[in-house]
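*Asks:* Sequence plus predicted model, see below.
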Amino acid sequence: MSGVGGPASQRGLREKVVAAIAWIRRPELGLRGQAIRYALAGATVAFVSITGTLVLAEAVGLAYEAAFGIAYAAAVVTHFTLQRYFVWSHHEDFALPLHFQIVRYLPIAAFNYGVVAVAIAILPHALHTQSRVVYLASTVSMTAISFVLFRSSVFHAQEPESGEQPAAIVAPAGRDDRGGAA
């Protein structure tokens, strides 16, 4: 008797996930695909960071600042890996090699950490609100800023040699990068 979730259904689910990842990584999706992949990677990283922070702060009893620091370190490694290999589907054609990407990535990550850490250290008392509210609001704000910085200065594709747009930002035929008619 075959139970639900047996080897055959696991293979089917695995094949569907692989097909979905291949579909979402298609360069033809352009900016829309990058934004979707960034959101998916961000959700994964947010889960690592938020869950780690909340568990360490509320279940273990660490101060939010310390809990955030530990969870943030785990999230940074997860984030860089997903950015490099999933979000920016032109990864074969990065303008910068890995070590230069790390050199540019780390200051942005440190800045993000600093902004959120200062916010959760100062704003809850100044605004008479919970640390959790400030933490979540500052994290969302820094996420939007980071997308622009990563797209333009860390994980960008090589400039095309012939004046054509790089494959990663070419919109589907008949559409512009915003999804409208060309």
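*Replies:* Received, thanks.
*Asks:* pull the helix or strand with minimum mean pLDDT from this structure.
*Replies:* Across the helices and strands of the chain, mean confidence by mean pLDDT, DSSP states H and E is lowest for helix 7-24: a mean of 81.
*Asks:* Count the residues that sit near R37.
*Replies:* Using other Cβ atoms under 10 Å, R37 is surrounded by 20 other residues. Yep, even glycine has a C-beta here, placed from its N, CA and C like the rest.
*Asks:* and it, what does it touch?
*Replies:* R37 makes contact with 24-25, 86-89, according to Cβ atoms under 8 Å, 6 or more residues apart in numbering.
*Asks:* I70 too?
*Replies:* Counted by Cβ under 8 Å, 6+ apart, I70 has contacts 52, 56, 62.
*Asks:* Test my guess that the first one contacts A71.
*Replies:* Yes - G52 sits in contact with A71 when judged by Cβ atoms under 8 Å, with a separation of 2.9 Å.
*Asks:* returning to what we had before: quick one: which of the contacts of R37 is nearest to R151?
*Replies:* Comparing those against R151 with Cβ to Cβ places W88 closest, at 7.7 Å.
*Asks:* picking up where we left off before, turn the contacts of I70 into CSV, columns for secondary structure, pLDDT and neighbour count.
*Replies:* Formatted as CSV, the contacts of I70 follow (DSSP: H, G, I helix; E, B strand; the rest coil; pLDDT from 0 to 100; neighbours: other Cβ atoms under 10 Å):
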residue, secondary structure, pLDDT, neighbour count
G52, helix, 95, 18
L56, helix, 96, 19
L62, coil, 94, 17
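*Asks:* Redo these as CSV? Include distance to F100.
*Replies:* What follows is those, written out as CSV (distance: Cβ to Cβ, whole Å):
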residue, distance to F100
G52, 29
L56, 33
L62, 35
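*Asks:* and which of those is nearest I108?
*Replies:* Of the contacts of I70, the one sitting nearest to I108 (Cβ to Cβ) turns out to be G52, at 20.0 Å.
*Asks:* Make sure A110 is indeed in a strand.
*Replies:* No - A110 is assigned helix when assessed by DSSP: H, G, I helix; E, B strand; the rest coil, not a strand.
*Asks:* number of nearby residues for it?
*Replies:* If you count neighbours by other Cβ under 10 Å, A110 ends up with 12.
*Asks:* got a pLDDT number for it?
*Replies:* Note on A110: pLDDT of 91.
*Asks:* Thank you, goodbye.
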